[in-house]
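Colleague: Sequence and computational prediction follow.
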Amino acid sequence: MAESVAESAVSLINQVGIFDVIIPFILGFAITFGMLEKTQILGKNHNLNALIAVCIGLAAALSF
């Protein structure tokens with residue numbers, strides 16, 4: 001049976017590694033950055049919050 005366009009697109013995305021690397025990074029970054037911005041535990045320094053969120057996002061992406 002022939003694959004549909006959606007099946008081939010998901011297969012290509014899976015081969016590239018989006019689900020293995022990019023999605024865990026985005027989730028780790030977004031959740032951490034959102035929590036740091038909401039609680040302002042480190043003050044109103046957005047750059048510091050972003051730097052910490054990137055580090056935690058990379059750790060989340062590399063752990064899988």
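Modeller: The structure has been received and is ready for your questions.
Colleague: Rank the helices and strands of this structure by mean pLDDT and give me the bottom one.
Modeller: Lowest on mean pLDDT, DSSP states H and E among the helices and strands of the chain sits helix 5-16, with a mean of 87.
Colleague: residue ranges of the helices in the chain, please?
Modeller: Counting by DSSP state H, one finds helices in the chain at the ranges 5-16, 23-39, 46-63.
Colleague: Dump those into a markdown table; add mean neighbour count as well.
Modeller: C-betas here are computed from N, CA, C, even on glycine. Formatted as a markdown table, the helices of the chain follow (neighbours: other CB atoms under 10 Å):
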| stretch | mean neighbour count |
| --- | --- |
| helix 5-16 | 10 |
| helix 23-39 | 15 |
| helix 46-63 | 14 |
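Colleague: mean pLDDT for the ones you listed: which is lowest?
Modeller: Looking at those, the lowest mean pLDDT belongs to helix 5-16 (a mean of 87).
Colleague: Measure how far that helix is from the centre of its chain, please.
Modeller: 19 Å (CA atoms, centre = their mean, to the nearest Å).
Colleague: Contacts for it, please.
Modeller: Outside helix 5-16, the residues within contact range by CB atoms under 8 Å, 6 or more residues apart in numbering are 3, 19.
Colleague: Give me the angle between that helix and helix 23-39.
Modeller: 80 degrees (axes from the mean of the first three to the mean of the last three CA atoms, to 10 degrees).
Colleague: what residue lies at the spatial centre of this structure?
Modeller: Residue closest to the average C-alpha location in the chain (CA atoms, centre = their mean): I26, at 1.4 Å.
Colleague: Now do the contacts for that one.
Modeller: Contact analysis of I26 by CB under 8 Å, 6+ apart lists G57.
Colleague: same question, the one 4 residues further on
Modeller: The neighbourhood of A30, defined by CB under 8 Å, 6+ apart, consists of A53.
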